[in-house]
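Q: below is the sequence, then the predicted model.
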Amino acid sequence: MQGGGSSDMTLAFELEALKRLADPETVFSEARTWSTYLGVVSEKPTYVVTNFTRKNRIRQDFFSGPRGKEESLENVKRQFDTDRHVFIGTGEEDADLADAVGWEYIHIEDAAEAAEWDLGEPDEAPTTDGDDRDDWP
């Protein structure tokens, strides 16, 4: 991910892509050095995203909130006027979505290879479900 493109970039991770990373906190910190805005989008409820990002000490500039991924990406693109809008996802559905809303798409494995990020095993990725609500006061 380093070099090549503009650093005036908005970078969005799909939550499941972020979960594939061995060290999401380090990835976010590194990406912040070459991105203008960073965030997480997901179809999951807000508390699931918030729980994951808090546990991994990830500070986001935006998140999907109660909206779905498509609406979130459209809103982020309107709010954050950067040269590039890049969406890191996990498959064909995410690629089609990025194309539909005018974002560049990079599969998490390709992004990890280019940026030298370590991937964890999919079954080792941290999980959060509706029963794990330690984000509540």
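A: That came through, no problem.
Q: wait, doesn't residue 87 sit right on residue 106?
A: Yes: counting by CB atoms under 8 Å, residue 87 touches residue 106, with 7.4 Å between them. Quick note: C-beta positions are derived from backbone N, CA and C, even for glycine.
Q: for the two, indicate the residue with more neighbours.
A: residue 87 (25 against 21; other CB atoms under 10 Å).
Q: from residue 9, how far off is that one?
A: Counting by CB to CB, to the nearest Å, the gap from residue 87 to residue 9 is 11 Å.
Q: any idea how far the lowest-mean-pLDDT helix or strand in the chain is from the chain center?
A: None of the helices or strands of the chain scores lower by mean pLDDT, DSSP states H and E than strand 62-63, at a mean of 89. Here the centre of strand 62-63 is set off from its chain's centre by 9 Å, with CA atoms, centre = their mean, to the nearest Å.
Q: quick one: contacts of it?
A: Residues outside strand 62-63 that contact it (CB atoms under 8 Å, 6 or more residues apart in numbering) are 12, 37, 39-41, 46, 49-50, 53, 72, 76, 79-80.
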